[in-house]
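S.K.: My questions are about this predicted structure, shown below with the sequence.
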Amino acid sequence: MVSILNKLSSLVLEGLVKVMREKQQLSFKQAVVRQTIYYVSKQLPREEQDKGERYFISLANKWIEQPTQENAEKASMGVACDYIDGGMRYFDYPSYFLTPAEAAGSSAYGATQCALTASGNDSRVAYEWQITAAWAILNNKEPPLLK
């Protein structure tokens, strides 16, 4: 049953994103990247135990502050380089921590999938928030706060 609900939610989100104007898609993607950061931040180790996990949040935040193609590419490159020669390669931390930068480097709809990965067992709640946020943005309103 959950799988069917997730598939329906995915289709609804994809449709909502497709009807958004470019500026709305940007606002939605920024909201979803924040959602990804929100979920990942809950799992961060203490700062003194950080092995690079926070770096991907900083790449995502840089893109949120300045949502340029260049910053999206830097975020994507950061993820790719980490898989090749960074913490992922040496298993310093799980790939889960890369999702904020991955979301920043993705399309608006692609970012939703990163946030869902980051949400872990809260995917139902994450989907509901994304759909609510998409409707709000389509209606020129602010997305709801993350809880």
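M.R.: On my side now, so go ahead.

S.K.: chain center to stretch 59-79: distance?
M.R.: The gap between the average C-alpha position of stretch 59-79 and the chain average comes to 12 Å, counting by C-alpha atoms, centre = their mean, to the nearest Å.

S.K.: Could you find the closest non-adjacent residue to Val33?
M.R.: Using C-beta to C-beta, 6 or more residues apart in numbering and skipping the chain neighbours, the partner closest in space to Val33 is Ala103 (4.7 Å). (Glycine included, C-beta is placed from N, CA and C.)

S.K.: Verify the stated contact: the one you found with Leu116.
M.R.: No - counting by C-beta atoms under 8 Å, no contact exists between Ala103 and Leu116, whose distance comes to 10.1 Å.

S.K.: Between those two, point out the one with more neighbours.
M.R.: Ala103 (33 against 24; other C-beta atoms under 10 Å).

S.K.: where in this structure is pLDDT low?
M.R.: In the prediction, the chain carries residues with pLDDT under 70 at positions 1-2, 86-92.

S.K.: packing partners for the lengthiest helix in the chain?
M.R.: Longest helix in the chain by number of residues, with DSSP state H as the criterion: helix 22-41. Where contact means 3 or more C-beta pairs under 8 Å, 6 or more residues apart in numbering; DSSP states H and E, helix 22-41 is packed against helix 53-65, helix 99-104, helix 108-119, helix 123-138.
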